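Student: I would like the atomic coordinates for the input below:
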Amino acid sequence: MLRSGWLVLAALVMVGISGVTLGVGLLAARPVLRSILGDHADLPRLATDLNTWIDSSVPWASPLHVPQAWIDRLPAGPFTALVWIVSGLCLLTVVGSIANFLHAYLSLTVVNRTVTMARRRAFHVILRAPLRTVVASGPTDVISRIVNDSSKVGDGLNVLTSKAILQVFKGIAGLCVALWYDWRVTLVALLVAPVLYHVIRKLGKRIKRYSGAALESQAGLYHAAAESLQGLRVVKVHTTELYEGGRFHRINKKMLRELNRVRTARALASPLTEMLSIFLLCGLVLAAANAIVKQSIDPGDFIMAIGSLAVAGASLKPLTGIVNDIQATMPAADRLRQIMLSPPEPGHGPGLPRLQRHALSIEFRGVGLTYSGATTPALRDISLRVPHGTRVAFVGPNGCGKTTLLSLVPRLFDPDTGAVLIDGRDLREVSVRSLRQQIGVVTQDTVLFRATVRANIAYGCGWATQHDIEAAAVAARAHDFIRRMPQGYDTPVAEQGQSLSGGQRQRIAIARAILRNPAILILDEATSMIDSESESQIAEAIAEFSTSRTCLVVAHRMATVLGCDSIVVMDAGQIVDQGTHDQLLSRCELYRQLARHQLLPAETA
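Tutor: Next comes the predicted model:
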């Protein structure tokens, strides 16, 4: 909002103009009322009375005297005075309406800019947050906070800037005029303010609490919907439409209960404040009637004081709903604030040195890691050295920590104990950007973006030319099927690559990794989605490309394992053995079991 400071200032000026026009209009209504009640004063007399009041009540304002020459030129006649006053009131109404429009226009501009900047900042913060933080909270919860909660915050800011401030200024203007007409009546009316404040405060706390619970349910609802729709093929094949519908319905019902609690608190606010205000008005009328009978209060002043209080009340009455709206927004602001305050991923500091291109070795030194909320470590005291230019396969039962171990190389996670070193440099002491620029990764769960084939291959490589992209595709054995597409490399890819087969998605991902020209290549079951014919072609391409590069492979295919220089066998987060295929067959029982039952020969694929 600081960038829009001049807009905020201009909006406040418009609020001031609106409040002043309302106050002046209420003051100008007094002679109209007196004229209706029988006091037929003309403009010269009204101007003279104004000068007399200034001399007696506010002598320091004598420069505001209406000059006698002006008074002499004013038209006489009570009806003429009434016409001029009513015309003035109409002019004030036009000015006030323009001020209200400009205030709303400027306020909404500020709100829209603020929410846009907040959403952008939150997204940038989460992109730089540690992967462990995002995994712990879940991507759908983060998306809900950035998209839904920011919109909720925008609603609250809109209420605060375009409604609350304006209504408060108008209410203050009405109260000031009421005090000027009759301070005794006004002070009695203000006795109800503490009671109204207590009621609004109590209801506001309930609304804040239940709105927070509703937002959490909304995040769960978003998660359930996204999970079901992203896995719609699995849902349909397993005929679990009713189950998923029921799961969505349960979360939806929970959200409904929280919203209904908010509804009750909101519904109570307005009737309670109206009831208290009417009770007060009845008491004032009775007290004033008695005073008028005793001639201690001027009837005209009392009517104008009540009228000004009514205007003030009409202006302040929406504050009940406004306060409730702001209370309902606060949980969303808290959830968004938690993202804003997320600590950044380490390794992006400006003073960190760049990591030179990998040329010696990758070393895991006493590495241990436990995921947040887990009871057992994912990795236990792992020590391993991989010389540059070698191809190392990691095998083991599912969940033994293979993927977790390789995730430490691009520093997606930091180990709880021990260190990962490349060419003798601890990864925590170098720029993470310079590290990741040297790494190409292909995983089993291929990630493609909703863009063209060209953009997906060149992702992260804005410098790549068409020749570079096609060369990478040829190396990944993807060029032929891309050329057969309707628009070739300009063919759009559907969300999550659903318009492509599994093998096609995998080869585009391999082309993306090749284009980066990495010093380190990480293949996490990269050929698991490729048919046996394509596997041999991909194996040749990887064999060619991995020359003079360090290649770390997680594989379930015997052909992939046999093509590596060394094999690391893992179990329960530990390395149980390391060697060549023949060495491990002769001495490692776990490897023999994996070779028989888990490592699939290419011809069975």
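
Student: helices and strands of the chain: which one bottoms out on pLDDT?
Tutor: helix 232-237 (a mean of 62; mean pLDDT, DSSP states H and E).

Student: The closest residue in space to Gly138 that isn't next to it in sequence: what's it in contact with?
Tutor: By the measure of Cβ to Cβ, 6 or more residues apart in numbering, the closest residue to Gly138 outside its immediate chain neighbours is His223, 6.5 Å from it. The C-beta positions use only the backbone N, C-alpha and C, and glycine is treated the same way. Counting by Cβ atoms under 8 Å, 6 or more residues apart in numbering, His223 touches 138, 140-141, 144.

Student: If we use 10 Å, what do you get?
Tutor: His223 makes contacts with 138-141, 143-144, 251, as judged by Cβ atoms under 10 Å, 6 or more residues apart in numbering.

Student: Then Leu369?
Tutor: By Cβ under 10 Å, 6+ apart, the residues touching Leu369 are 132, 377-380, 382, 401, 404-405, 407-408, 413-418, 573.

Student: Tell me which of those fall in strands.
Tutor: When DSSP state E is applied, the contacts of Leu369 are split such that 379-380, 382, 417-418 fall in strands.

Student: is it true that Leu175 touches Ser308?
Tutor: Yes: applying Cβ atoms under 10 Å, one finds Leu175 in contact with Ser308, separated by 7.5 Å.

Student: With neighbour numbers in mind, choose between the two.
Tutor: Shown here are Leu175 and Ser308; by other Cβ atoms under 10 Å, Ser308 has more neighbours (28 against 21).

Student: give me the number of residues near Leu590?
Tutor: 17.

Student: Likewise for the one 3 residues further on?
Tutor: The local packing count at Gln593 equals 12, with neighbours defined by other Cβ under 10 Å.

Student: The one 4 residues further on too?
Tutor: By the other Cβ under 10 Å criterion, the neighbourhood of His597 contains 8 residues.

Student: Tell me who's in contact with the residue nearest the centre of the chain.
Tutor: Geometric centre of the chain, nearest residue: Ile146, 2.0 Å, by Cα atoms, centre = their mean. Counting by Cβ under 10 Å, 6+ apart, Ile146 touches 118-123, 125-126, 335-336, 339.

Student: biggest separation within the residues you listed, which pair?
Tutor: Farthest apart among these by Cβ to Cβ are Arg120 and Arg335. That separation is 16.9 Å.

Student: Just the buried ones from the contacts of Leu369?
Tutor: Listed as buried from those are 377-380, 382, 401, 404-405, 407-408, 413-415, 418, 573; burial here means 16 or more other Cβ atoms under 10 Å.

Student: Would you agree Leu552 falls within a strand?
Tutor: Yes: using DSSP: H, G, I helix; E, B strand; the rest coil, the assignment for Leu552 is a strand.

Student: So what sits opposite the nearest residue to it once chain neighbours are set aside in the bridge?
Tutor: Sequence neighbours aside, Ile522 is the residue nearest to Leu552 in space, at 5.0 Å (criterion: Cβ to Cβ, 6+ apart). For Ile522, the beta-bridge partners are Val441, Leu552 (DSSP bridges).

Student: roughly how far apart are Ile522 and Tyr489?
Tutor: 25 Å (Cβ to Cβ, to the nearest Å).

Student: Compare these two (neighbour count), which wins?
Tutor: Set Ile522 next to Tyr489 and count neighbours by other Cβ under 10 Å: Ile522 wins out with 22 against 19.

Student: ok now do that one, which residues does it touch?
Tutor: Per Cβ under 10 Å, 6+ apart, neighbours of Ile522: 403, 406-407, 409-410, 439-443, 513, 550-554.

Student: dump the residue contacts of the residue nearest to Leu360 when sequence neighbours are not counted.
Tutor: Distances taken as Cβ to Cβ, 6+ apart put Asp423 closest to Leu360, at 4.2 Å, once the chain neighbours are dropped. For Asp423, the contact set (Cβ under 10 Å, 6+ apart) comprises 355-363, 388, 430, 519.

Student: Pull out the buried members of those residues.
Tutor: The neighbour-count test (16+ other Cβ under 10 Å) marks 355, 358, 361-363, 388, 430, 519 as buried among these.

Student: just to revisit the earlier point, neighbour-wise, which of the contacts of Ile522 leads?
Tutor: Busiest of the contacts of Ile522 [other Cβ under 10 Å] is Val553, holding 28 neighbours.

Student: Could you check how far that one is from Thr547?
Tutor: 15 Å.

Student: Equivalent analysis for Pro44, please.
Tutor: On the measure of Cβ to Cβ, Pro44 and Thr547 end up 105 Å apart.

Student: go on, Ala559?
Tutor: Note on Ala559: its distance to Thr547, by Cβ to Cβ, is 18 Å.

Student: Check His348 too.
Tutor: 32 Å.

Student: Closest to Leu74 out of the buried ones among the contacts of Asp423?
Tutor: Relative to Leu74, and with distances defined as Cβ to Cβ, the nearest of these is Val430, at 84.5 Å.

Student: phi, psi of the closest one?
Tutor: Main-chain torsions, Val430, degrees, to the nearest 10: phi -130, psi 170.

Student: how far away is it from Ile422?
Tutor: 8 Å.

Student: Overlap in contacts, these two.
Tutor: Common neighbours of Val430 and Ile422 (Cβ under 10 Å, 6+ apart) are 355-356.

Student: where's the closest residue to Asp141 other than its chain neighbours relative to Cys588, distance?
Tutor: Computed as Cβ to Cβ, 6+ apart, the closest residue to Asp141 that is not its neighbour in sequence is Ala219, at 4.9 Å. Per Cβ to Cβ, Ala219 is found 46 Å from Cys588.

Student: Look at the two and report which has more neighbours.
Tutor: Neighbour count, other Cβ under 10 Å: between Ala219 and Cys588, Ala219 has more, with 23 against 18.

Student: which ones are touching that one?
Tutor: Neighbours of Ala219 in contact, by Cβ under 10 Å, 6+ apart: 137-138, 140-145, 148-149, 251, 255, 335.

Student: other SSEs contacting the host helix or strand of Val177?
Tutor: Taking DSSP states H and E as the definition, one finds Val177 inside helix 165-181. Applying 3 or more Cβ pairs under 10 Å, 6 or more residues apart in numbering; DSSP states H and E, one finds that helix 165-181 contacts helix 5-37, helix 78-127, helix 183-189, helix 299-316, helix 318-340.

Student: Which members of the contacts of Ala219 occur in helices, if any?
Tutor: The helices, defined by DSSP state H, take in 137, 140-144, 251, 255, 335 from these.

Student: Among these, which one lies nearest to Gln68?
Tutor: Using Cβ to Cβ, these come closest to Gln68 at Arg335, 66.4 Å.

Student: looking at it, that closest one is touching Asn148, isn't it?
Tutor: Yes: counting by Cβ under 10 Å, Arg335 touches Asn148, with 9.3 Å between them.

Student: Give me the more crowded residue out of these two.
Tutor: Neighbour totals were compared for Arg335 and Asn148, and Arg335 leads with 22 against 18 (other Cβ under 10 Å).

Student: gap between the more buried one and Leu157?
Tutor: As judged by Cβ to Cβ, Arg335 and Leu157 stand 15 Å apart.

Student: likewise His103?
Tutor: For His103, the distance to Leu157 - Cβ to Cβ - is 14 Å.

Student: Which of those two has more residues huddled nearby?
Tutor: His103 (25 against 22).

Student: these two touch, right, that one and Val13?
Tutor: Yes: judged on Cβ under 10 Å, His103 makes contact with Val13 at a distance of 8.6 Å.

Student: from the chain's centre, how far out does stretch 169-179 sit?
Tutor: 38 Å (Cα atoms, centre = their mean, to the nearest Å).

Student: Ok, stretch 10-19 next?
Tutor: Distance of stretch 10-19 from its chain centroid, counting by Cα atoms, centre = their mean, is 31 Å.

Student: what's the answer for stretch 157-171, then?
Tutor: 24 Å.

Student: Going forward, the N-terminal residue is numbered 47.
Tutor: I'll keep to 47 as the first residue from here, and by that count the last item is stretch 203-217.
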